[in-house]
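K.L.:
structure, please.
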Amino acid sequence: MNIQLDNDQWQAGSTATLGDILADLSERAHARSRIVTTVMLDSRRITDRDIDPHLLQQTSANYRQLIATSSTQQEILESAHGAIERYRSVVVEEGTSLANQFRMGVQDLSSFDAWLGKVADAVEIIENGQKRVGTQSQGHAIVGWIEELLAARRIRDTVRMADLLEYEILPRIAV
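P.N.:
I've put the predicted structure just below:
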């Protein structure tokens, strides 16, 4: 089987499994500080959903070629910039709505708990996009305020929760 990763090409032995080949592919990309972003097995695009034990155990003799591309983390973040900004906007809008509900005395915290998962994703995105040596990242600052938010949630202090959302957390996510 012919294997190509970006501009590099090599041959896999006919007894090599696709699992071994994909692991090698990932290691080669990682050695160049890159992440595999697309994989074509013959003429079929393979996604993470396609990768299962059955596929991984198949031998390379069953296929002609595997073509993969890779990108740096920074390239991936730059290409996703618009989607990231839209996601941050959605998280801020939902957080603003929650803060308003808290100010009106709403005590049902189930939608707040679900929203926290989105905040965790947003903080991870912020952290991955801001790697500056010697400075505290915006994501790290948000995490500190979220700890205070969770403390207020434990005692059901919705006024404090609204304040933390409005004045500390949401402005940092929106940036």
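
K.L.:
ranges for the strands of this structure?
P.N.:
Listed in chain order, the strands of the chain (DSSP state E) span 2-5, 8-11, 35-41, 44-46, 65-71.

K.L.:
mind putting those strands in a markdown table, mean pLDDT, distance to S89 and mean neighbour count included?
P.N.:
In short, each C-beta sits where N, CA and C put it, glycine included. Below are the strands of the chain laid out as a markdown table (pLDDT from 0 to 100; distance: least, C-beta to C-beta, whole Å; neighbours: other C-beta atoms under 10 Å):
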| stretch | mean pLDDT | distance to S89 | mean neighbour count |
| --- | --- | --- | --- |
| strand 2-5 | 97 | 36 | 18 |
| strand 8-11 | 96 | 39 | 12 |
| strand 35-41 | 97 | 25 | 16 |
| strand 44-46 | 96 | 30 | 12 |
| strand 65-71 | 97 | 25 | 18 |
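
K.L.:
R160 is nearest to which of those?
P.N.:
strand 35-41 (40.3 Å; C-beta to C-beta).

K.L.:
elements contacting that closest one?
P.N.:
If contacts are counted by 3 or more C-beta pairs under 8 Å, 6 or more residues apart in numbering; DSSP states H and E, strand 35-41 sits against helix 18-31, strand 44-46, strand 65-71, helix 73-79.
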